[in-house]
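# The following comprises the amino acid sequence and a computationally predicted model.
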Amino acid sequence: MSDHEGLDLAALDRHLREAGIPRSGELRAEFISGGRSNLTFLIADDASKWVLRRPPLHGLTPSAHDMAREYRVVAALAGTAVPVARAVTMRDDDSVLGAPFQMVEYVPGRVVRYTRELEALGGPETIEACVDALIAVLADLHAVDPDAVGLGDFGKPTGYLERQVRRWGSQWSLVRRDDDPCDGDVAALHEKLAQAIPPQSRSAIVHGDYRIDNTILDADDPTRVAAVLDWEMSTLGDPLSDAALMCVYRHPTFHLVHADAAWASELIPPEDALAEKYSRAAGQSLDHWDFYMALAYFKLAIIGAGIAYRARESGATDDTDKVQQAVAPLLAAGLTQLG
């Protein structure tokens, strides 16, 4: 039984046995991903496979890595039209692994992160059908009644847009460079957003980071979503903000934030086509859409600046300049949306 940094398999094994989770043979672990977000491991014994997520070892931001929150929404959505992995166990303290963690059943399938993986799904018709399936799942999520699944208190049902504008505006001061040339555009876009906040379209469960690489596609049928992943940003909010961020991730500049990102590929329909697909799938009009898109551009710009900031702080500067270059055009796109 060998360990990875941040993962004590002997302690995890004791926890699983004490929790009454069926076990067969020695636990094994494989590191899947991590660094900018939570650490993810594939855990297996002779009979079962699970996926375990825990916060990163360094630079933890508690609000972005709430294990209990992520686990709760996955458990609540079981049995709905939204495909999720079966919840297995969770600890919201450091008594087992030295940090909170959550574990769900392993879902086999494809995770499409890069353009080459998107191309491997099939021709244009297959990719179009895959996009339609992804958008249908997002619409299904927004159609779930939070009270009916025990998530009525998962967030504040009103004031979401005001909080988003305030939150992402305040984040800039934490991630900006000294004498940052984007200061003026950040201030201008933040002011425009604050003045243009529309009435909330409605309240729904929002994913907060929805795009193709945060899902698992069926291994045999890429036009079927097997599971939605990465719920750490989920809450109760305005579903149009969720849809707009999905569209903004399609912007070519996203390649600078995540190199060769599949969702930013030209094989994916452009932003306006994605928006229309969502509107039809959800049966929801796109009122005040320019605001929602501008807010999404603003959010993604600040996220990009945050990635560059953490890279500078850690000394991992290989991609810092490239990611930093995404901030200005994203801010400019947001300003264009609001005129």
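Sure, I can see it.
# Can you give me the buried ones in stretch 199-218?
For stretch 199-218, burial by neighbour count (16 or more other CB atoms under 10 Å) applies to 200-201, 203-218. Just so you know, the C-beta spots here come from the backbone N, C-alpha and C atoms, and that holds for glycine as well.
# Please flag which of the residues you listed sit within strands.
Those of those mapping onto strands are Ala204, Ile205, Val206, Thr215, Ile216, Leu217, per DSSP state E.
# so how far is Leu174 from Ala308?
Note on Ala308: its distance to Leu174, by CB to CB, to the nearest Å, is 12 Å.
# So for those two, which residue has more residues nearby?
Using other CB atoms under 10 Å as the criterion, Ala308 and Leu174 rank with Ala308 on top: 24 against 11.
# any idea which helix or strand comes after the helix or strand harbouring the more buried one?
Element membership for Ala308 (DSSP states H and E) is helix 289-314. The helix or strand immediately downstream of helix 289-314 is helix 320-325, counting by DSSP H and E.
# which residues touch that next one?
Arg177, Leu256, Val257, Ala259, Gly304, Ala305, Ile307, Ala308, Ala311, Arg312 (CB atoms under 8 Å, 6 or more residues apart in numbering).
# Provide the backbone phi and psi angles at Val149.
Torsion angles at Val149 (phi, psi; degrees, to the nearest 10) stand at phi -110, psi 10.
# And the pLDDT for the residue with the shortest distance to the centre of the chain?
For the chain, Asp209 is the residue whose C-alpha lies nearest the centre (CA atoms, centre = their mean; 2.9 Å). The per-residue pLDDT reported for Asp209 equals 94.
# hang on, it packs against Val248?
No - counting by CB atoms under 8 Å, Val248 is not a contact partner of Asp209; they are 11.5 Å apart.
# Which strands and helices lie in contact with the helix holding Ala308?
Helices and strands touching helix 289-314, by 3 or more CB pairs under 8 Å, 6 or more residues apart in numbering; DSSP states H and E, are helix 160-175, helix 183-196, helix 239-248, helix 254-257, helix 320-325, helix 327-338.
# so it versus helix 239-248, what angle?
60 degrees (axes from the mean of the first three to the mean of the last three CA atoms, to 10 degrees).
# mind checking how far helix 289-314 is from the chain centre?
Centroid separation between helix 289-314 and its chain, computed with CA atoms, centre = their mean, to the nearest Å, is 13 Å.
# With stretch 195-212 instead?
Relative to its chain's centre, stretch 195-212 lies at 14 Å (CA atoms, centre = their mean).
# swap in stretch 249-261?
On the basis of CA atoms, centre = their mean, stretch 249-261 sits 15 Å off its chain's mean C-alpha point.
# Please apply the same query to stretch 275-282.
20 Å.
# Could you do stretch 260-275 as well?
So, by CA atoms, centre = their mean, the centroid of stretch 260-275 is 17 Å from its chain's centroid.
# Return the alpha-carbon coordinates of that stretch using CSV.
The C-alpha coordinates for stretch 260-275 follow below in CSV (Å, rounded to 0.1, in the frame of the first residue of the first chain):
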residue,chain,number,x,y,z
ASP,A,260,-5.5,23.9,-26.6
ALA,A,261,-8.8,23.8,-24.6
ALA,A,262,-11.4,21.7,-26.3
TRP,A,263,-14.3,24.0,-25.5
ALA,A,264,-12.6,26.9,-27.2
SER,A,265,-12.0,24.9,-30.4
GLU,A,266,-13.6,26.1,-33.6
LEU,A,267,-15.3,22.7,-33.7
ILE,A,268,-17.6,24.0,-31.0
PRO,A,269,-20.3,26.4,-32.1
PRO,A,270,-19.7,30.1,-31.4
GLU,A,271,-20.9,31.8,-28.3
ASP,A,272,-24.2,33.1,-29.8
ALA,A,273,-25.1,29.7,-31.1
LEU,A,274,-24.4,28.1,-27.8
ALA,A,275,-26.6,30.7,-26.1
